[in-house]
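Engineer: 3D model of this:
(chains A and B)
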Amino acid sequence: MSEQSKRSGVSRRKFIITTGAAGAAGIAGCSSSSESGNGNGNGDSGNGDGTSDTSNTASTDDGSDGNGGGGPEALTAEGSSTVYPISNTGASYWNGNPPASDGEYWGSNDETSVPGWDQIGTDMNLADYFASQYGFEPTGERSNAPFTATVGLSHSGTGCKAVRDGLVDIGNSSGPITAELGISESERDENYVDHVVGRDGQPVFVSQDVYDGGVTQLTGEQIRGIYQGEINNWSEVGGPDQEIYVIGRAEGSGTDTSFRLNMLGDAEASMEVDTRKGQNQQVKTVMQQNDGAIGYMALAFQGEGIQPVAIDFDGTVYEPDKDAENTIFDSSYPLNRDLHMYTRITDDTPDGTDMREAAFLNMFLTDFGQQVFVEGVEYIPLPTKDIEAEREKLPSSS
Amino acid sequence: MNLLPRRRAVHWIVLAREFLDETSASALLALTVGTVSLLSSLGLFLNASPLTSVPLLVFLASITYGWVRHRELTARAVTMAMTASTILILALIVVFIFVEAWPVFDVARAEVFGISVPGLRLFTQAEWAPRSAERYSLLPLIHGTVMVTVVATLVAGPLGVASALFVSEIAPPTVREVVKPGIEILAGIPSIVYGFIGFTIISPWASEQFDLVGQGTYLFVGAVVGLMALPTVVSVAEDALNSVPESMKDGSLALGTTDWQTMTTITLPAAFSGVSAAVLLGVGRAIGETMAATVMLRNSPQLPEPLYNVFYGYDTLTSAIAAQYGEATGNQLSALFAAGVVLFITVMFLSIGSQLIERRMKRQLGGQE
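Structural biologist: Predicted coordinates for the structure are as follows:
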């Protein structure tokens, strides 16, 4: 034995085994400490006993057994890059739990107040206010929300799969879950609740040189022609003599499907595009880097070097301008689509939305939430009647 | 008739008896507990049971005990278990991608001489239109992979072999000491860095210079991937050139040839199979390269016109998977797995090929030392 361990081969192997074991122990340590850390953090702030009833109902949806301490589990969301700005800004505000005296992010002070504040008017912190409506104990502390909310960035399809498999509480999707998961509408109604938090207009953008060359407005028919390969040169639609560089979105993505449906008339319409990119950011960069480009992406991503164009649908011209008579912000703009946050119906939550999810989602369904999280990131806020319909889907608040 | 197998079985039984007699009861117990717990944790894991960790902990405890009390036997058992698990994992992956790819093979049947061949249509028509027509074709993807690989080989092959020759035969020792680690550092640059440079600088530049519609060309993706494969080619080719016995070169020089003549007529031919294995490994790298290709290409599978047009680059097998995996469902997802199957088979043949070449090289030169 001693002879063997003198040989470098064995000692190296031994080293690797030991470090491997240490690594494994480290991982185990991490995961266990993070679980208990969650419980402790909430216990310290003194809501462990007060809310044990609600927090238990709230945290049982995954059948989790690691939360004996009583603090509610962190809320998790994942999915579409289009819904991400809304969801993530909301989560950031939520986790920050700013006090009502802040004025910039929540509440009001002498100088300023947040939009929609006149309908809220509380002296609680942001997350405390919304969480307390669903029975959670306020912490009263900045940066210490009654439970934390985290948002992952992926795709509509992955978000829907994650909520289906119970990996996250909320699945963000820019397309309907029926299309993303290939399920029927009755399957959807049995298993999921669809919370619409805002709308997204998909303006059509052209690169700066085309815009400067005179293409500031296109008809729906022209755009269809461009995306189906019938129009190949900008000169055919009143622009410069330049071949059209057609940029589409990843085949099967929510953006791709709704564009086909709304612009080409059929979710299965054929397309002829030069480049397909998966994310809004990539479309933007490719359009900025190339002349003669046309593409469509969420309004939140407009920037230098690209210009949204007005679109004429059957005689109504929708302008990319908030003050125009008909704008691409209107609900009637045909390329608008709903932005969904799906929750799953489980045995523990027959309504489909547990208390944590309801508290978080309710934040988006206020005037404050619509203006800050939806309009603030260049999406289209819901009309009042839609907000009321969405609120009906949440469990009743206390 | 079956005397021989029976005798072999008897032989095994005798061996097993001896093993049982020689080994102490506690060691046998630890071994049995370890084996049973490992197998049951595998079984539980495959059933996604939350109890998986229980037998795993038992297994860890039994090896810890074994490691302290019966180190030699435990080491043998653990190394064997590790080897077995590597093979098991490989087998599971292979089965998984084939199973996942099957639905699209089943859909894309085509008749040949009255026999319905699954998956044939994936290779006979060229339209990739998962949404509009439920049509899947691996042809444009294979075409893209071939284009990128050919360009990459044209870049990495000559450059790699030339620099291997220089580093191994011509360069003075000081230069060699600087250049060799330099080449190895080149291999350590993550592929997204190449892709990022390609996407932000090379692609827009190429689009401007060659007056292309939009960006993304097989030519420059191939060039970038070739650069990435270069370090592999150089270091493997250099090893092959170095392994040519000094006595062969000395003999040649003693006959009055120049260094250059020795290199071209003795060293290179002798190391030829090793050098071609190096190029083959580089090609393997080029086929499997994903990140740079995904970022730089157009991600819209179609065939360019004419077929050899390297100035338009659409998609490769790997980049199609990387660009579409998040959005794909149903048959589209399964078509991506089919692309994985094609990649798997290609890379497997390449790796077997380079191993055969390597073995040939050893047989040719091995007896000399």
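Engineer: all contacts plus neighbour counts: C-alpha atoms, from now on.
Structural biologist: OK.
Engineer: nearest spatial neighbour of residue A:379, skipping sequence neighbours?
Structural biologist: residue A:200 (5.3 Å; C-alpha to C-alpha, 6 or more residues apart in numbering or on different chains).
Engineer: Show me what the host helix or strand of that neighbour is packed against.
Structural biologist: Assigned by DSSP states H and E, residue A:200 belongs to strand A:192-201. Under the contact criterion of 3 or more C-alpha pairs under 8 Å, 6 or more residues apart in numbering or on different chains; DSSP states H and E, strand A:192-201 touches strand A:336-344, helix A:355-364.
Engineer: Quick one: residues contacting the residue nearest to residue A:379.
Structural biologist: A:298-299, A:336-339, A:379-380 (C-alpha atoms under 8 Å, 6 or more residues apart in numbering or on different chains).
Engineer: And for residue A:345?
Structural biologist: Taking C-alpha under 8 Å, 6+ apart, one finds A:190-193, A:351-353 in contact with residue A:345.
Engineer: ok, now residue B:59?
Structural biologist: B:33-35, B:37-38.
Engineer: tell me the contacts of residue A:245?
Structural biologist: Contacts of residue A:245 by C-alpha under 8 Å, 6+ apart are A:273-274, A:291-294, B:213-214.
Engineer: try 6 Å this time
Structural biologist: A:292-293, B:213-214 (C-alpha atoms under 6 Å, 6 or more residues apart in numbering or on different chains).
Engineer: What's opposite it in the beta bridge?
Structural biologist: residue A:293 (DSSP bridges).
Engineer: which is the next helix or strand following the helix or strand containing residue B:27?
Structural biologist: In this assignment (DSSP H and E), residue B:27 forms part of helix B:25-46. Next helix or strand after helix B:25-46 toward the C-terminus (DSSP H and E): helix B:53-69.
Engineer: Send over that following helix as PDB, restricted to the C-alpha atoms.
Structural biologist: In PDB, the C-alpha atoms belonging to helix B:53-69 read as follows (Å, rounded to 0.1, in the frame of the first residue of the first chain):
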ATOM      1  CA  SER B  53     -30.100   9.800  -2.900                       C
ATOM      2  CA  VAL B  54     -30.700   7.000  -0.300                       C
ATOM      3  CA  PRO B  55     -29.000   4.100  -2.100                       C
ATOM      4  CA  LEU B  56     -26.400   6.600  -3.400                       C
ATOM      5  CA  LEU B  57     -25.500   7.500   0.200                       C
ATOM      6  CA  VAL B  58     -25.300   3.800   1.100                       C
ATOM      7  CA  PHE B  59     -23.000   3.300  -1.900                       C
ATOM      8  CA  LEU B  60     -20.700   6.200  -0.800                       C
ATOM      9  CA  ALA B  61     -20.700   4.800   2.800                       C
ATOM     10  CA  SER B  62     -19.800   1.300   1.500                       C
ATOM     11  CA  ILE B  63     -16.900   2.600  -0.600                       C
ATOM     12  CA  THR B  64     -15.700   4.800   2.200                       C
ATOM     13  CA  TYR B  65     -15.600   1.800   4.400                       C
ATOM     14  CA  GLY B  66     -14.000  -0.300   1.700                       C
ATOM     15  CA  TRP B  67     -11.400   2.400   0.900                       C
ATOM     16  CA  VAL B  68     -10.300   2.400   4.500                       C
ATOM     17  CA  ARG B  69     -10.300  -1.400   5.100                       C
END
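Engineer: The helix or strand following that helix close to chain A?
Structural biologist: Using DSSP H and E, the next helix or strand after helix B:53-69 towards the C-terminus is helix B:71-107. No: legend: contact between helix B:71-107 and chain A by C-alpha under 6 Å from any C-alpha of the partner chain is lacking; minimum distance shown is 8.2 Å.
Engineer: So which elements touch helix B:71-107?
Structural biologist: Other helices and strands packing on helix B:71-107, by 3 or more C-alpha pairs under 6 Å, 6 or more residues apart in numbering or on different chains; DSSP states H and E, are helix B:330-365.
Engineer: same for the helix it packs on, what does it pack against?
Structural biologist: Helix B:330-365 packs on helix B:71-107, helix B:272-288, going by 3+ C-alpha pairs under 6 Å, 6+ apart.
Engineer: That helix to helix B:71-107, inter-axis angle?
Structural biologist: 130 degrees (axes from the mean of the first three to the mean of the last three C-alpha atoms, to 10 degrees).
Engineer: Also compute the angle for helix B:330-365 relative to helix B:272-288, please.
Structural biologist: Using the same axes, to 10 degrees: helix B:330-365 against helix B:272-288 is 170 degrees.
Engineer: near chain A, which residues of the stretch 201-350 of chain B?
Structural biologist: So the stretch 201-350 of chain B meets chain A at B:213-214, B:298-300, B:326-328 (C-alpha under 6 Å from any C-alpha).
Engineer: Perfect, that will be all.
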